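Asks: I would like the atomic coordinates for the input below:
(2 chains)
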2 protein chains.
Amino acid sequence: MFSTTADFSSWFADRCRAHDYRVSRVALDRLDGWRFERGTGNLVHRSGRFFSVEGLDVRDAGREVDAWQQPIIVQPEYGILGILVKRFHGVPHFLLQAKMEPGNVNLVQLSPTVQATKSNYTRVHGGKPVPYLEHFIAPHRGRVLHDALQSEQASWFLGKRNRNMVIEVDQDVELLDDFCWLSVSQISELLAVDNLVNMDTRTVLSGATPFRLTGSAHGGATFRDALNRSWRPGAAAHRDTAELLSWFTDAKCRSSLTRQRIPLAQVRGWSRADEVIAHDEGKHFTVVGVDVSASSREVASWSQVMLQPRSEGVIAFLAKAIGGVMHLLVQARTETGARDVIELAPTIHCQPGNYPLNGARPRYLDEVIAAPRERIRFESVHSEEGGRFYHAQNRYMLVEADDDFPTDIPESYAWMTFRQLTEFVRYGNYINVEARSLLTFLNFADLGAPVLQGAA
Amino acid sequence: MFSTTADFSSWFADRCRAHDYRVSRVALDRLDGWRFERGTGNLVHRSGRFFSVEGLDVRDAGREVDAWQQPIIVQPEYGILGILVKRFHGVPHFLLQAKMEPGNVNLVQLSPTVQATKSNYTRVHGGKPVPYLEHFIAPHRGRVLHDALQSEQASWFLGKRNRNMVIEVDQDVELLDDFCWLSVSQISELLAVDNLVNMDTRTVLSGATPFRLTGSAHGGATFRDALNRSWRPGAAAHRDTAELLSWFTDAKCRSSLTRQRIPLAQVRGWSRADEVIAHDEGKHFTVVGVDVSASSREVASWSQVMLQPRSEGVIAFLAKAIGGVMHLLVQARTETGARDVIELAPTIHCQPGNYPLNGARPRYLDEVIAAPRERIRFESVHSEEGGRFYHAQNRYMLVEADDDFPTDIPESYAWMTFRQLTEFVRYGNYINVEARSLLTFLNFADLGAPVLQGAA
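Replies: Residues are numbered from 1 along each chain as shown, chains lettered A, B, ... in the order given. Model (predicted):
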């Protein structure tokens, strides 16, 4: 355990130095173990396992662009993302791991105790056993605090879900190299550091809210009070849970989106060079290949396909005190790859670079990116899953809306309290991964505090 | 409104006499508007709308039979099942309709205020407008008490869902012919009458629990007290909600079921005669055709395909007081046609006729059907949806388990309180239609009371 942030930083720097990692870009057609399948042109692994990149035809999406085709990752199997919790002298600590993922801009970030695809933990590629996995497997696991199948990036994955678990144990747990116990207040500090706490940790922590700190927000008494009220059970919410469930059901029934898997070779608007598959207008993402060698992973070296976004994204909630209770502006968003088409999303999630200033732009984008400094209550840049996404970074923001921002909003949006949003996390398939990540910042980080730098 | 049950019975008999209904069986190959599609042999309507009967190949189901093929109804569009609630002199009343469905053994049953497929209410077959529909359509609808997309019979439908709605209004509502207002206590009485309250009404009422009567159970103080405690918020449940959600997630991750749509003509184990499609061993159901003429429906006459079960089914919960709180034995059941494979189901749901006494029989079936009279707390025979299923009847039962029935149970079962089960109804895709129907009896009917007869 660490007494100070400096202690952690020193340990973390040490773990980064302890291993030798190399990631290099390689052309798709020379990627070991991967090939373009004859006929379909789908990108597949020779084992037939892991995942594939195929094509998707989308129509009637009801978004800024109504119909398109795109490459998409197909990975039907569930993995486990699990965090172990243990109290030391009564203080709950989370077991996290300094882990390399080839897509991380800084290679090593803090991942959950267990972050394993089924191929990993059933050891399809014959690697080392997954440490601590036994705490997450019935019937001998500890006390379950959270356990739900949750969706992942629905613009990039077709129907992907992982099992998010938080398990509390009382017994002694051996502390392995690369692992560390962090208290809630330490995690709270580290969440404000760019590119340190990885996406898998963030989605799991969104279900660990019983451990949330209370009353830690800065930014003035009015802001802090409204925030704390937003957490209170029975706080006067703009719409009650029955109304929110109805609004969500309505959005699902209104959606007209249809989608169909198509061969990757037939996807219009994208071109396959030998090296990569890229969007013809330079938007969205590029499909790339990487060679990886690592001394610490289950296998010492491998090659894989990844998705590389063309530009940085913005993931933001607009917040507004309604009746003295802070509410977040939640979107019932049509999600290309979501299992049930609609999920609850942040106010904004897009790559601003995809939208010219003089064209159709996502609603509320400009309210967020042009917000004056004093209304930005949280802002930090973080990576998406570094096992599938190459240098995928998003700017996570909480922006307090202007005082005259309307309470009445279009039908695909709703105001929700922090508590309402967090309650939905318990049930799978309601809150999308971007909103869960952002919610973790809002629940655990010091909102309104000056941004910390330099811990990693 | 009715002062007595006899008043209702007289009104209902009158409504049955007011219309002229004829339903006659007709061979599938002579069914007007329907045909076996060339190539696949799928049963389709010439409009391409409504629904079709196709084939399904099921593997690794982990049930008594592990793999099979079967015909299944494919009907992707959502309908609305909605009940209007209004208080008269402070007493909440539900607006129900005496409605004919060709599959009902007695033709006319009590259906929700609105029971409309999208084809109905968008008037694809050009019929009359659906009365009261405006109360269920945004933005002018009343107060939403319940609104969720819920699954239907997953052995017979592939991924079918309907929108279940309970809407409360204050304004005057014109009472049309065939409609009546019933108070909760009247519905409570009528639910004990065989084949009167139809499946659509029952599934919607499972979300109308704020109107439940309390303390109405018969059957001795111990039974009644345990039942009432099972309803109390914060009652000592055998497993808390986090554990139940985890158990449910675990069941989903454990399931290995795979299913694939196949042409109906290729389904093994079933034979198509000119007249019907039937299971070769006389089990499960038969696909049949009917001609219908009715003076009161949206269109005066039509022909359609239906599924006719080969035998009566049993749908039952075993109940047991644990720590003085009544718990129901809930099954995390692999559901052939469910969108997400696993749903929460009653302890027993099967057609006992499918299982010879000397073969593999569903777990707990014999505990239920051999239970002594005094342990049967509810028993009544009801119809499944008469718009798709012909003479489909199930015996709905609540059976108190033997005193020495173990509290420890196999991993695919869990003990849940009435309140826990009812909370899950709010969120779609947790509780299957059989469990929701049964829950409505448990919530609204007089448990332990002598069975009423003769009202219909």
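
Asks: in the host helix or strand of residue A:242, what's buried?
Replies: In this structure, residue A:242 sits in helix A:241-254 according to DSSP states H and E. Buried positions in helix A:241-254, judged by neighbour count with 16 or more other C-beta atoms under 10 Å in any protein chain shown: A:242, A:243, A:244, A:245, A:246, A:247, A:248, A:249, A:250, A:251, A:252, A:253. Placement of C-beta: from N, CA and C, glycine included.

Asks: following whichever strand or helix holds residue A:146, which helix or strand shows up next?
Replies: Here residue A:146 sits within strand A:143-151, counting by DSSP H and E. Following strand A:143-151 in sequence order, the next helix or strand is strand A:161-168 (DSSP H and E).

Asks: how about that next one and chain B, touching?
Replies: Yes: using C-beta under 8 Å from any C-beta of the partner chain, strand A:161-168 comes into contact with chain B via A:163, A:165.

Asks: direction included, what does that strand pair against?
Replies: Using DSSP bridges, the strands paired with strand A:161-168 in its sheet are strand A:79-88 (parallel), strand A:143-151 (antiparallel).

Asks: one step back: now the helix holding residue A:242, how far from the centre of its chain.
Replies: 24 Å (C-alpha atoms, centre = their mean, to the nearest Å).

Asks: residue contacts, the one residue in the stretch 301-450 of chain A that gets nearest to chain B?
Replies: In the stretch 301-450 of chain A, the residue found nearest to chain B is residue A:427; the distance is 5.2 Å by C-beta to the nearest C-beta. By C-beta atoms under 8 Å, 6 or more residues apart in numbering or on different chains, the contact list for residue A:427 reads A:148, B:245, B:427.

Asks: of those, closest to residue B:24?
Replies: Residue B:24 lies nearest to residue B:427 out of those, by C-beta to C-beta, at 42.1 Å.

Asks: quick one, the strand holding residue A:146 and helix B:241-254 angle?
Replies: 50 degrees (axes from the mean of the first three to the mean of the last three C-alpha atoms, to 10 degrees).

Asks: can you name the residue of the stretch 201-350 of chain A nearest to chain B?
Replies: residue A:246 (3.5 Å).

Asks: how about the nearest residue to that residue, chain neighbours excluded?
Replies: residue B:147 (3.5 Å; C-beta to C-beta, 6 or more residues apart in numbering or on different chains).

Asks: dihedrals phi and psi, the residue nearest to residue A:284 when sequence neighbours are not counted?
Replies: Distances taken as C-beta to C-beta, 6+ apart put residue A:310 closest to residue A:284, at 6.2 Å, once the chain neighbours are dropped. Residue A:310 adopts backbone torsions of phi -80, psi -20, taken as degrees, to the nearest 10.

Asks: mean pLDDT per helix and strand in chain A: which one sits at the bottom?
Replies: Lowest mean confidence among the helices and strands of chain A (mean pLDDT, DSSP states H and E): helix A:118-121, at a mean of 73.

Asks: that one - contacts with which helices or strands?
Replies: Counting by 3 or more C-beta pairs under 8 Å, 6 or more residues apart in numbering or on different chains; DSSP states H and E, the packing neighbours recorded for helix A:118-121 are strand A:79-88.

Asks: how about the strand it packs on as PDB, C-alpha atoms only?
Replies: Written as PDB, here are the backbone C-alpha positions of strand A:79-88 (Å, rounded to 0.1, in the frame of the first residue of the first chain):
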ATOM      1  CA  GLY A  79     -14.600 -12.100 -21.000                       C
ATOM      2  CA  ILE A  80     -14.200 -11.300 -17.300                       C
ATOM      3  CA  LEU A  81     -13.300  -7.800 -16.100                       C
ATOM      4  CA  GLY A  82     -13.000  -8.200 -12.300                       C
ATOM      5  CA  ILE A  83     -11.800  -6.100  -9.400                       C
ATOM      6  CA  LEU A  84     -11.000  -7.600  -6.000                       C
ATOM      7  CA  VAL A  85     -11.800  -5.500  -2.900                       C
ATOM      8  CA  LYS A  86     -10.400  -6.000   0.500                       C
ATOM      9  CA  ARG A  87     -10.400  -3.900   3.700                       C
ATOM     10  CA  PHE A  88      -7.200  -3.000   5.400                       C
END
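
Asks: buried stuff in that strand?
Replies: For strand A:79-88, by 16+ other C-beta under 10 Å, it's A:79, A:80, A:81, A:82, A:83, A:84, A:85, A:86.

Asks: which residue packs closest to the second one, ignoring adjacent ones?
Replies: Closest residue to residue A:80 in three dimensions, ignoring its sequence neighbours and counting by C-beta to C-beta, 6+ apart: residue A:163, at 5.1 Å.

Asks: from residue B:106, how far out is that neighbour?
Replies: 47 Å (C-beta to C-beta, to the nearest Å).
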